[in-house]
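> Quick one, structure for this:
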Amino acid sequence: MVLDELPKLPEFASRVDVNRTVGIGYSLGGYTMMAMASAWPSWKDTRIKAALLFSPYAAPFLSHSTAASGFR
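Below you'll find the model as predicted:
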């Protein structure tokens, strides 16, 4: 995953704080970011502090009532 690899690269290590990450996704990318931000507890990545979602595929979260678990 990118969050695991960026700190290992000298050109990014001092510029990136992976513990304060904003994820952005469109459509299926929005689904992935929504899941990682907390909609799927098993996918949750605590380094992701915010998510900007554009037309996310949210049907699975809505049908399982997990969409509101971590979103305000």
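> from here on, contacts and neighbour counts on C-alpha atoms
Will do.
> any idea how far S14 is from the nearest residue to A13 once chain neighbours are set aside?
Nearest residue to A13, sequence neighbours excluded (CA to CA, 6 or more residues apart in numbering): P7, at 4.2 Å. With distances taken as CA to CA, to the nearest Å, P7 is found 8 Å from S14.
> Between those two, which is the more surrounded one?
P7 (16 against 11; other CA atoms under 10 Å).
> If I look at that one, what pLDDT would I see?
On the pLDDT scale, P7 is placed at 92.
> cool, and the one 5 residues further on?
The predicted local distance difference test score for F12 is 91.
> Quick check: the gap between it and F54.
Distance from F12 to F54, by CA to CA: 27 Å.
> Pull out the buried residues from the longest helix along the chain.
Determined from DSSP state H, the single longest helix within the chain is helix 28-34. The neighbour-count check on helix 28-34 (16 or more other CA atoms under 10 Å) flags G29, G30, Y31, T32, M33, M34 as buried.
> Mind checking what helix or strand follows it in sequence?
Once the chain leaves helix 28-34, the next helix or strand it forms, by DSSP states H and E, is strand 48-54.
> Counting by contacts, list what the host helix or strand of I24 packs against.
Taking DSSP H and E as the definition, I24 sits inside strand 21-26. When contacts are defined as 3 or more CA pairs under 8 Å, 6 or more residues apart in numbering; DSSP states H and E, strand 21-26 packs onto helix 28-34, strand 48-54.
> Distance of the residue of the chain positioned farthest from its centre relative to Y57?
What lies farthest from the middle of the chain is P10; by CA atoms, centre = their mean that is 24.0 Å. Remark: distance between P10 and Y57 (CA to CA) = 35 Å.
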